[in-house]
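Visitor: Predicted model and sequence follow; I will ask about them next.
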Amino acid sequence: MEGLPTPPLPGPNGQEIYDNVSKQAWQEWQARQIRLINEKQLSMINPDDRKYLMDQMALFFANEEADEADGFVPPEA
């Protein structure tokens with residue numbers, strides 16, 4: 001699959017994502033991240049909220065069970 005054009009985050013985490021995550025997977029994560037931010041009313045100013053999202057991102061990319069917005073129903077393919 002097509003890779004990302006540049007690392008999406010600074011530092012080693014961004015490089016790890018750049019090296020191992022496809023463009024499509026990154027877009028899927030961004031959509032989930034937006035739903036989590038909106039549903040859980042997260043603030044990117046709050047360090048605990050940022051850590052929560054980073055933890056969820058790690059679970060998502062490891063194909064482990066990660067949180068989803070309550071009531072979210074994925075569209076049918």
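Guide: Nice, I can see it.
Visitor: alpha carbons only for contacts and neighbour counts from here, please
Guide: Fine.
Visitor: Give me the residues contacting the longest helix anywhere in the chain.
Guide: The helix that spans the most residues within the chain, counting by DSSP state H, is helix 23-40. Helix 23-40 is touched from outside by 1-4, 42-43, 53, 57, 60-61, 67-70, with contacts defined as Cα atoms under 8 Å, 6 or more residues apart in numbering.
Visitor: buried stuff in the helix or strand following it?
Guide: Following helix 23-40 in sequence order, the next helix or strand is helix 47-61 (DSSP states H and E). Neighbour counts over helix 47-61 (16 or more other Cα atoms under 10 Å) mark 49, 53, 56-57, 60-61 as buried.
Visitor: Serialize those residues to JSON lines and add fields for pLDDT.
Guide: JSON lines is the format used below for these (pLDDT from 0 to 100):
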{"residue": "D49", "pLDDT": "97"}
{"residue": "L53", "pLDDT": "96"}
{"residue": "Q56", "pLDDT": "97"}
{"residue": "M57", "pLDDT": "96"}
{"residue": "F60", "pLDDT": "96"}
{"residue": "F61", "pLDDT": "95"}
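Visitor: Closest one of these to P8?
Guide: Distance to P8 across the buried residues of helix 47-61 (Cα to Cα) is lowest for M57, with 12.5 Å.
Visitor: Among the contacts of helix 23-40, which pair sits farthest apart?
Guide: Maximum distance among those (Cα to Cα): 32.3 Å, for M1 and S43.
Visitor: Tell me which of the two has more neighbours.
Guide: S43 (12 against 8; other Cα atoms under 10 Å).
Visitor: on that earlier part again, can you put the buried residues of helix 47-61 in CSV and add distance to L36?
Guide: Below are the buried residues of helix 47-61 laid out as CSV (distance: Cα to Cα, whole Å):
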residue, distance to L36
D49, 10
L53, 8
Q56, 10
M57, 11
F60, 13
F61, 16
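Visitor: Nothing else from me, thank you.
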